[in-house]
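Visitor: Generate a structure from the sequence data that follows.
(4 chains)
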There are 2 protein chains.
Amino acid sequence: MKQGDLGVAVDLVVFTVDEGELRVVLIRMKRAPFAGRWAIPGGRIGEDETVEAAAERELREKTSLTDVYLEQLYTFSEPGRDPQARCVSVAHMALVPPTATLRTTDKYDGIGWFPALRPPPLAFDHKRILAYAVRRLRDKLAYSNVAYSLLPRAFSLGELQRVYEVILDEKLDPRNFQRRVLQLGMVEATGEVRSGERHRPARLYRFHARRLEPLAVRP
Amino acid sequence: MKQGDLGVAVDLVVFTVDEGELRVVLIRMKRAPFAGRWAIPGGRIGEDETVEAAAERELREKTSLTDVYLEQLYTFSEPGRDPQARCVSVAHMALVPPTATLRTTDKYDGIGWFPALRPPPLAFDHKRILAYAVRRLRDKLAYSNVAYSLLPRAFSLGELQRVYEVILDEKLDPRNFQRRVLQLGMVEATGEVRSGERHRPARLYRFHARRLEPLAVRP
DNA sequence: GCAAAAGTGTTGTCGGTACACCCATGC
DNA sequence: GCATGGGTGTACCGACAACACTTTTGC
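Guide: The predicted structure follows:
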């Protein structure tokens, strides 16, 4: 079967939770056919590179993020998805804490965090890819501890709960929430507290060393 | 980024359950470098074709199966996975009833059902793909009704239970099993029974029309 | 009558949910 | 002193697991 100029790319839906909102990293395209449009970061895989390696590399090059949770999601292949050239895209999801700093190259016209549920108009089929990633993130949060990637080293249970509430888009009961994460052994107290805020100081927690991923779906 | 002779293929792990065993369709390669080896069916995607369409087409061409449950699993991309040419493979899983008949083309040296847990030596990285598919099938069985694709139109609860037992590789209690599938509304009685076997006749059931896929992960 | 699978109910445990008040601090 | 989020316990309910015997047929 002849394949012509078929290309393979990775695309990266990078999430965080900040200020009570699920956010995604977008970069602004400089060149036609999507000049001025925002897009999720991504790029072609190298000749001698796996998609996993390409995903890490593209993430580093286009956003300066490293050492993040990264998971392959789905491969999108509509023939018209890239108007320039036939290109199949292996979509990934990445999770980072809101403190992560972003920096892109001068090939792009900017980078920033955007509301994941109400993104600006996006290039290519990135709207669809983003919607798919949001669904997967919700599913995954329910049966794994991926939330650890969205939080700093130490955090209060209130912060953890807010991450869940934002992603699942529902209110949770603090007593039930606390009991669950504690008796699942998902987190442990650091022994420290954070004061200096205008309310009672919160005990701080960290995720347990063993990164349990009960139903992880990576090969 | 230059990509040279990069190709994109689909590979299909086709499962059934028969005679108390999880089985997979394999075809026998005629040509080097894997002449005589068994492989899971697959092939390159067309110039103007999605991977989903390519998966259906390849399945039809290489096994003569149509109208089956088909799900994209993962994209494998080790540079050395195909010694002939760089080729990324989008792996899929298909589920068919054991009554399905197989027929391949004369490009292959045979087709047949093999034990999925103890396959013969396989071409390419198909051992890894198969192992990944088995894991996903197990996970999926637990929270969906994909089993419907593995059974004929009408079946006894005993047959359904055996499908679960074979895939999950554990014994289930017939009373608990029956109660669960009935009160989940997964199946309904057809009103008929199957006699002619040397034991009490079994009531027959069918899956409910609404194919519930609670946590389906397709875009 | 015997082998073989079908069919059937109860009980205990555990996890999940619902629910409201006091606490410690910064200002 | 008041506003703000932190922190805590109980009671109910439904889901699930454990468990053994009778029934109906073909031979």
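Visitor: Are the longest strand seen in chain A and chain B in contact anywhere?
Guide: Using DSSP state E, we find that the single longest strand of chain A is strand A:7-18. Yes. Counting by Cβ under 8 Å from any Cβ of the partner chain, chain B has neighbours in strand A:7-18: A:7-8. For every residue, glycine as well, the C-beta is placed using N, CA and C.
Visitor: Pull up the pairing partners for that strand, direction included.
Guide: Strand A:7-18 has the following strand partners under DSSP bridges: strand A:21-29 (antiparallel), strand A:42-44 (antiparallel), strand A:87-95 (parallel).
Visitor: Would you reformat those strands as a markdown table and include distance to A:Arg128?
Guide: Converted to a markdown table, the strands paired with strand A:7-18 look like this (distance: least, Cβ to Cβ, whole Å):
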| stretch | distance to A:Arg128 |
| --- | --- |
| strand A:21-29 | 14 |
| strand A:42-44 | 14 |
| strand A:87-95 | 9 |
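Visitor: okay, the ones you listed, which one's buried deepest?
Guide: Per residue and on average, the most neighbours among those fall to strand A:87-95, with a mean of 25 (mean count of other Cβ atoms under 10 Å in any protein chain shown).
Visitor: Alpha carbons of it, as PDB, please.
Guide: What follows is strand A:87-95 as a C-alpha-only set of coordinates in PDB (Å, rounded to 0.1, in the frame of the first residue of the first chain):
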ATOM      1  CA  CYS A  87      -0.400  13.700   9.100                       C
ATOM      2  CA  VAL A  88      -1.400  11.300  11.700                       C
ATOM      3  CA  SER A  89      -1.300  12.600  15.300                       C
ATOM      4  CA  VAL A  90      -0.700  10.500  18.400                       C
ATOM      5  CA  ALA A  91      -2.300  12.600  21.200                       C
ATOM      6  CA  HIS A  92      -0.900  12.700  24.700                       C
ATOM      7  CA  MET A  93      -2.000  14.100  28.000                       C
ATOM      8  CA  ALA A  94       0.400  15.800  30.400                       C
ATOM      9  CA  LEU A  95      -0.200  16.900  33.900                       C
END
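Visitor: Quick one: mean pLDDT for it?
Guide: Averaged over strand A:87-95, pLDDT sits at 98.
Visitor: Quick check: next helix or strand after it?
Guide: strand A:108-115 (DSSP states H and E).
Visitor: Go ahead and name everything in contact with that next one.
Guide: In this structure, residues lying in contact with strand A:108-115 by Cβ atoms under 8 Å, 6 or more residues apart in numbering or on different chains are A:16, A:18, A:21-30, A:36, A:38, A:62-63, A:98, A:102-104, A:120.
Visitor: Could I get the average pLDDT for it?
Guide: Strand A:108-115 comes out at a mean pLDDT of 96.
Visitor: And stretch A:58-72, by the same measure?
Guide: The average pLDDT for stretch A:58-72 rounds to 97.
Visitor: Name the surrounding residues that touch it.
Guide: Looking at what lies outside stretch A:58-72 - Cβ under 8 Å, 6+ apart - the contacts are A:10, A:12, A:14, A:25, A:27, A:41-43, A:51-52, A:55-56, A:90-96, A:100-105, A:108, A:111, A:146, A:148-149, A:217-218, B:74-75.
Visitor: Return the members of the residues you listed classed as buried.
Guide: By neighbour count, with 16 or more other Cβ atoms under 10 Å in any protein chain shown, these hold A:10, A:12, A:14, A:25, A:27, A:41-43, A:51-52, A:55-56, A:90-96, A:100, A:102, A:104, A:108, A:111, A:146, A:148-149, A:217, B:74-75 as buried.
Visitor: Could you pull out the helices in chain A for me?
Guide: For chain A, applying DSSP state H gives helices covering A:51-63, A:126-143, A:157-168, A:174-183.
Visitor: can you list the weak-confidence ranges in chain A?
Guide: For chain A, applying pLDDT under 70 flags the ranges A:1-2, A:209-219.
Visitor: try it again with 50
Guide: For chain A, the stretches with pLDDT under 50 are A:211-219.
Visitor: Name the residues of it found near DNA strand D, please.
Guide: Within chain A, the positions adjacent to DNA strand D are A:156-159, A:173-176, A:178-179, A:193, A:198-203 by Cβ under 7 Å from any atom of the strand.
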